[in-house]
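Visitor: turn this into a structure:
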Amino acid sequence: MKWEGSIIFFGITDMGKTDNFYREKLGLELYKDQGLCRIYKVPGGGMIGFCTHQEVICRYKSPIITFLTPDVDYCYKNLLENGISIEEKPKNNPRFNIYHFFLRDPDGYTVEIQRFLS
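Guide: From the prediction side, this is the model:
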């Protein structure tokens, strides 16, 4: 088998709010607008899609949409300046050897911004 990429899809309730969050606030590039679904490029590979015809399914911190960055603190400050509510400041997590923080997207999905410490 030869793979060309991957897309993970999530159900949403409001395409406008979701688009604003992922494109304007997080800076992802729109790859394809299919009407009911929009697919965004994730730097470093892969794509993430959001569809209004799918059910929103999320529980406390599940699923987690994680974006990797070398500068977690910059992302944290930038998101705060753009009006995104974040419950906790970035912190080290020795269990997974990462530096990270969590926030919620418009449908309640947990979004994690992190970098690996080794």
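Visitor: longest helix of this structure, counting residues only.
Guide: Assignment by DSSP state H gives helix 72-81 as the longest helix of the chain.
Visitor: partner strands of the following helix or strand past that one, with direction?
Guide: Per DSSP states H and E, the first helix or strand lying C-terminal to helix 72-81 is strand 91-93. Sheet pairing for strand 91-93, assigned by DSSP bridges, gives strand 98-104 (antiparallel).
Visitor: next structured bit after the partner strand?
Guide: Counting by DSSP H and E, the next helix or strand C-terminal to strand 98-104 is strand 110-116.
Visitor: which of the three states applies to the closest residue to residue 112 other than its chain neighbours?
Guide: Counting by CB to CB, 6 or more residues apart in numbering, residue 112 lies nearest to residue 66, which is 4.3 Å off, once chain neighbours are set aside. All C-beta spots, glycine's among them, are computed from the backbone N, C-alpha and C. On the three-state scheme (DSSP: H, G, I helix; E, B strand; the rest coil), residue 66 is labelled strand.
Visitor: from residue 53, how far off is residue 66?
Guide: 25 Å (CB to CB, to the nearest Å).
Visitor: between those two, which one's more packed in?
Guide: The neighbour count for residue 66 versus residue 53, taken as other CB atoms under 10 Å, is higher for residue 66 (13 against 9).
Visitor: what confidence value was assigned to residue 87?
Guide: The per-residue pLDDT reported for residue 87 equals 85.
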